[in-house]
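Engineer: Build me a structure from this.
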Amino acid sequence: VGLDGNFIWSNHDLNPERYLSIQRIRNKIKKRHSFFSKHLKYFQLRRSEKWIANNSKIMLNISELETNIYQKRIKNVNSKLLPFSWPEEKFLSQNKVWTNDGKLRMLHVGSLNSMVPFSSLDFIIRKLFKIIPKEMLKKIELIVAGNNPNATFSNYIKKLASDYENIYFLGYVENLDSLFMDTDIQIVCSQFSSGLRTRIVESFVR
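Structural biologist: Numbers count the residues shown, from 1 in each chain. Next up, the predicted model:
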């Protein structure tokens, strides 16, 4: 910001809203911050993003949602859409067996201790699985790939999943290609619409 405006702001999220979303999730597990302190931090983030935007020549956003919001939120901001793409377009083989053994294998990608995957798995296990009939649930496998450390969010998810025999935690997986081949669908149930989920882009490419 000290370069007299000669820089590009590559902005990937609505950071003030993301902050509030993180606090809401954390408060579901353990009360952390007061209403006043959360909203003070929120307005500080709003001020800082306005300061950065006004001192940059252009703001590049990866989703249409943020582009439009910033054009309305910050006067005279040069907010432009630069859609996300994928550099390595190696497509997987089409010789794939679907619903092998009569089971629908669902892939979920992301660290259990990160906000977006946590939100997604919390919704799948706590709400979605509760309304699926037991006989149908027996024909579903949920394969979770992602770092799952001994931490608050991941421990919460593993405790929720302990009621189900059809949820498998693989931990961190270096190469996802074999998982894309062995599963039928990638499921993303995040409750947030900001940014762009890279795991969705990966799935579309495959």
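Engineer: any residues touching the helix or strand containing residue 135, and which ones?
Structural biologist: Per DSSP states H and E, residue 135 falls inside helix 134-137. By Cβ atoms under 8 Å, 6 or more residues apart in numbering, the surrounding residues in contact with helix 134-137 are 129, 164, 166. (C-beta placed from N, C-alpha, C; glycine too.)
Engineer: of the residues you listed, closest to residue 149?
Structural biologist: residue 164 (21.0 Å; Cβ to Cβ).
Engineer: hang on, the earlier thing: so can I have CSV of the contacts of helix 134-137 showing distance to residue 82?
Structural biologist: As requested, those are exported to CSV (distance: Cβ to Cβ, whole Å):
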residue, distance to residue 82
129, 38
164, 41
166, 40
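Engineer: out of the residues you listed, which are buried?
Structural biologist: 129, 166 (16 or more other Cβ atoms under 10 Å).
Engineer: of the contacts of helix 134-137, closest to residue 21?
Structural biologist: Using Cβ to Cβ, the contacts of helix 134-137 come closest to residue 21 at residue 129, 22.7 Å.
Engineer: can you give me phi and psi for the closest one?
Structural biologist: phi -60, psi -30 (degrees, to the nearest 10).
Engineer: re earlier: right, and the helix or strand after the helix holding residue 135?
Structural biologist: Criterion used, DSSP H and E; the element after helix 134-137 is strand 140-145.
Engineer: what's the next secondary structure element after that next one?
Structural biologist: Next along from strand 140-145, by DSSP H and E: helix 152-161.
Engineer: returning to what we had before: let me see the mean pLDDT of the helix holding residue 135.
Structural biologist: The average pLDDT within helix 134-137 is 92.
Engineer: when you give positions from now on, start the count at 118
Structural biologist: Done: numbering now begins at 118, and the last item shifts to helix 251-254.
Engineer: Which positions within that helix qualify as buried?
Structural biologist: Those would be residue 254, for helix 251-254 by 16+ other Cβ under 10 Å.
Engineer: Tell me how far it lies from the chain's centre.
Structural biologist: 27 Å (Cα atoms, centre = their mean, to the nearest Å).
Engineer: Give me the below-cutoff pLDDT ranges for this structure.
Structural biologist: Residues of the chain meeting the criterion pLDDT under 70: 118-120, 122, 148-149, 202-211, 309-313.
Engineer: residue closest to the middle of it?
Structural biologist: Residue closest to the average C-alpha location in the chain (Cα atoms, centre = their mean): residue 233, at 3.6 Å.
Engineer: Just the element for it, please.
Structural biologist: helix 232-240.
Engineer: Centre of the chain to that helix, how far?
Structural biologist: 8 Å.
Engineer: Using PDB, write out the CA atom coordinates for the helix or strand containing residue 165.
Structural biologist: Secondary structure assignment for residue 165, by DSSP H and E: helix 152-171. This file holds the C-alpha atoms of helix 152-171, laid out as PDB (Å, rounded to 0.1, in the frame of the first residue of the first chain):
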ATOM      1  CA  PHE A 152     -21.000  -9.400  19.900                       C
ATOM      2  CA  PHE A 153     -19.300  -6.000  20.400                       C
ATOM      3  CA  SER A 154     -15.700  -7.300  19.800                       C
ATOM      4  CA  LYS A 155     -16.700  -9.300  16.700                       C
ATOM      5  CA  HIS A 156     -18.400  -6.400  15.100                       C
ATOM      6  CA  LEU A 157     -15.600  -4.000  16.000                       C
ATOM      7  CA  LYS A 158     -13.200  -6.300  14.200                       C
ATOM      8  CA  TYR A 159     -15.600  -6.600  11.300                       C
ATOM      9  CA  PHE A 160     -15.700  -2.800  10.800                       C
ATOM     10  CA  GLN A 161     -12.000  -2.600  11.200                       C
ATOM     11  CA  LEU A 162     -11.700  -5.100   8.300                       C
ATOM     12  CA  ARG A 163     -14.200  -3.100   6.200                       C
ATOM     13  CA  ARG A 164     -12.000   0.000   6.700                       C
ATOM     14  CA  SER A 165      -8.800  -1.700   5.900                       C
ATOM     15  CA  GLU A 166     -10.200  -3.200   2.600                       C
ATOM     16  CA  LYS A 167     -11.500   0.200   1.600                       C
ATOM     17  CA  TRP A 168      -8.000   1.700   2.300                       C
ATOM     18  CA  ILE A 169      -6.300  -1.000   0.200                       C
ATOM     19  CA  ALA A 170      -8.800  -0.700  -2.600                       C
ATOM     20  CA  ASN A 171      -8.500   3.100  -2.800                       C
END
